[in-house]
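> no sequence for this one, just the structure:
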């Protein structure tokens, strides 16, 4: 796994690990918020935790929470 802060790119379909939740999510799409010029990532649960809810988070939040790309 690679920390989000060490990535060169992040693409749709990438599996993301949330260590504080001990759960995996899939990046389904992303866009940029024009007001703050920050990436918003839409995440859906992975097959490891299919009953989990998906959510949207900013890239800075994913970095702050220590997420990893698998």
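Received, thanks. What you are looking at is a predicted structure, and each value in this text was computed from that prediction instead of being measured.
> measure stretch 31-48 end to end?
25 Å (CA to CA, to the nearest Å).
> for it, list every residue counted as buried.
Neighbour counts over stretch 31-48 (16 or more other CB atoms under 10 Å) mark 41-43, 45-46 as buried. For the C-beta atoms, the positions are set from N, CA and C on the backbone; glycine is no exception.
> now those residues in TSV, with pLDDT?
Below are the buried residues of stretch 31-48 laid out as TSV (pLDDT from 0 to 100):
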residue	pLDDT
41	91
42	94
43	96
45	96
46	96
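> relative to residue 70, which of those residues is nearest.
residue 46 (8.9 Å; CB to CB).
> by contact count, what packs against the longest strand seen in the chain?
In the chain, taking DSSP state E as the definition, the longest strand is strand 23-33. Packing contacts for strand 23-33, counted by 3 or more CB pairs under 8 Å, 6 or more residues apart in numbering; DSSP states H and E, involve strand 15-18, strand 38-45.
> show me the one of these that comes nearest residue 52.
So among the helices and strands packed on strand 23-33, strand 38-45 is nearest, using CB to CB, at 4.0 Å.
> what does the closest one contact?
10, 16, 23-33, 51-60, 62 (CB atoms under 8 Å, 6 or more residues apart in numbering).
> what does stretch 62-70 give?
By CB under 8 Å, 6+ apart, the list of residues contacting stretch 62-70 reads 1-5, 7, 10, 14-20, 24, 41.
> now stretch 2-22
By CB under 8 Å, 6+ apart, stretch 2-22 touches 1, 23-30, 39, 41, 43, 46, 59, 62-63, 65-70.
> how many neighbours does residue 4 have?
Residues lying near residue 4 (other CB atoms under 10 Å) number 20.
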